[in-house]
Each structure stands twice: as C-alpha cells, then as structure tokens.
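Engineer: Prediction below, plus the sequence it came from.
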Amino acid sequence: MIGVLLDAQRTGINRGTSGNASYRSGDGFIITPSALPYETMGPEDLVTIDADGVSSGEYRPSSEWLFHQRIYQHRADVDAIVHLHSPAATALSTLRLDIPSFHYMVAVAGGIDIRCSDYATFGTEDLADAAILALANRRACLLANHGLIACASSVRAAYNLAIEVESLANQYLLARTAGHPELLTEAEMHDVLDRFGDYQPDR
C-alpha cells in the first residue's frame, strides 16, 4: 500500500502527502495515516479502523477515512481503495465534468462513463454520500474540485485503475482543447462492457 503511493509520488501522479489508500480487513479496514510523508512511512504506521469507526495506531487515520468506510459498507465487491489528487483528474473535477464515452477504455471503470460527484467538504459525511452516489455501478469516480477514487480487489489493482482514469482524464482534456470529441453510443459502450467481462487492471 505504501509502495503504490510512493510510486504515485515518484511519477508525479500525486504530490506531497495528498491522497490515501486502504484495504479491507475483517469487519473494518487498514488505511494510511494523516499527513505522514510516504517516504518515511512504514507498515507499523498504518491505522486500523474497526466496524464502528474506531481507529487504533500511533497516528490519526487519513482525513478521508469516512468515505473509505462507507464504500466498504456499501460495496461487498470492493476490497481496496486508492484516492489520488492526480493532475488531469483533479483539473477535470474542477470543471465538474464526467468523463463520457469518448474512448472505449472508459469502460475500465465498469460503466459507460466515469462520473464526477457533487462537491462536498473533504472528510465529511456529505463527501462520503457524494462518493457513494458517483460510484454506483462503477469502480472509479471523480470527486468535484478534489481528485479521484479507484476501487478494486487489491491496492495494486486500485492503483492501476487510478492510473487508467488519470490517463483518460488527460486524453479527454486534450481532446476538448481541439473541439468536441465524438462519443461512442450507449450500445457501443455496452458492447465494450460485454467484451471486457469482469476485466480489471489488476496486473
């Protein structure tokens, strides 16, 4: 888990101590701590949060722990979450735009588009609610004026999905600078989804 955030920092997809990651553990989950530099973070610094939202560990959990908890409660298919403030996805989220079906790989997030949530203050119940809605029948979403969330079966898979979403956001922003991209139809996207099956960018 720490490794993927270090990789995100090295590649410039994330900066400083922004972003966080977690994985399901029993009835709760384990999450990265708040405001601790990733290069100094060790496994012993991770924070455990139980089913009641009570944390244990030397550090406070990420300020975004609440939407992690809510996603695990609502989505039995999700075992890991990565949240990044990646440049293109964050830029697109400030425009409050979904990523539409401009490219067939949008289906990698599980649907015909990648939604942008409504805006809510970080770390709040309202943000958790907004994330749940944007993630309905999806594995990833943008958070308005904030960043992205990617969900998968493992932290590595969630991180790989986050990279895919960031790439799509970058491509969509680039296409919009030249005009209005032609979108694939719902029928075309459903054909892609059928071909994808249960594909996830795990590897």
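Structural biologist: That came in fine, so what should we check first?
Engineer: burial of residue 120, as a residue count?
Structural biologist: 19 (other C-beta atoms under 10 Å). Where C-beta positions appear, they are placed from N, C-alpha and C, glycine not excepted.
Engineer: show me the contacts for it.
Structural biologist: 126, 127, 129, 130, 144 (C-beta atoms under 8 Å, 6 or more residues apart in numbering).
Engineer: Next up, the contacts around the third one.
Structural biologist: So that's residue 129. Neighbours of residue 129 in contact, by C-beta under 8 Å, 6+ apart: 70, 120.
Engineer: what do you get for the first one?
Structural biologist: Applying C-beta under 8 Å, 6+ apart, one finds that residue 126 lies in contact with residue 120.
Engineer: What are the buried residues along the helix or strand containing it?
Structural biologist: Secondary structure from DSSP states H and E places residue 126 in helix 125-134. Buried residues in helix 125-134, counted by 16 or more other C-beta atoms under 10 Å: 127, 128, 129, 130, 131, 132, 134.
Engineer: Could you export those to JSON lines, including columns for distance to residue 174 and pLDDT?
Structural biologist: Formatted as JSON lines, the buried residues of helix 125-134 follow (distance: C-beta to C-beta, whole Å; pLDDT from 0 to 100):
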{"residue": "127", "distance to residue 174": "28", "pLDDT": "98"}
{"residue": "128", "distance to residue 174": "32", "pLDDT": "98"}
{"residue": "129", "distance to residue 174": "32", "pLDDT": "98"}
{"residue": "130", "distance to residue 174": "27", "pLDDT": "98"}
{"residue": "131", "distance to residue 174": "26", "pLDDT": "98"}
{"residue": "132", "distance to residue 174": "30", "pLDDT": "98"}
{"residue": "134", "distance to residue 174": "23", "pLDDT": "98"}
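Engineer: Closest to residue 37 out of these?
Structural biologist: residue 127 (23.9 Å; C-beta to C-beta).
Engineer: was I right about that closest one contacting residue 67?
Structural biologist: Yes - using C-beta atoms under 8 Å, residue 127 makes contact with residue 67 at a distance of 5.8 Å.
Engineer: Can you tell me which of the buried residues of helix 125-134 comes closest to residue 108?
Structural biologist: residue 134 (15.9 Å).
Engineer: ok so, going back, biggest separation within the contacts of residue 120, which pair?
Structural biologist: 129 and 144, at 12.8 Å, using C-beta to C-beta across the contacts of residue 120.
Engineer: The most centrally placed residue in the chain: which element?
Structural biologist: Nearest to the geometric centre of the chain sits residue 149, at 1.5 Å (C-alpha atoms, centre = their mean). Secondary structure from DSSP H and E places residue 149 in strand 147-152.
Engineer: of all the contacts of residue 120, which comes closest to residue 57?
Structural biologist: Nearest to residue 57 among the contacts of residue 120, with distances taken as C-beta to C-beta, is residue 127, at 22.5 Å.
Engineer: how far out from the middle of the chain is the strand holding residue 149?
Structural biologist: Remark: strand 147-152 is offset 1 Å from the chain centroid, using C-alpha atoms, centre = their mean, to the nearest Å.
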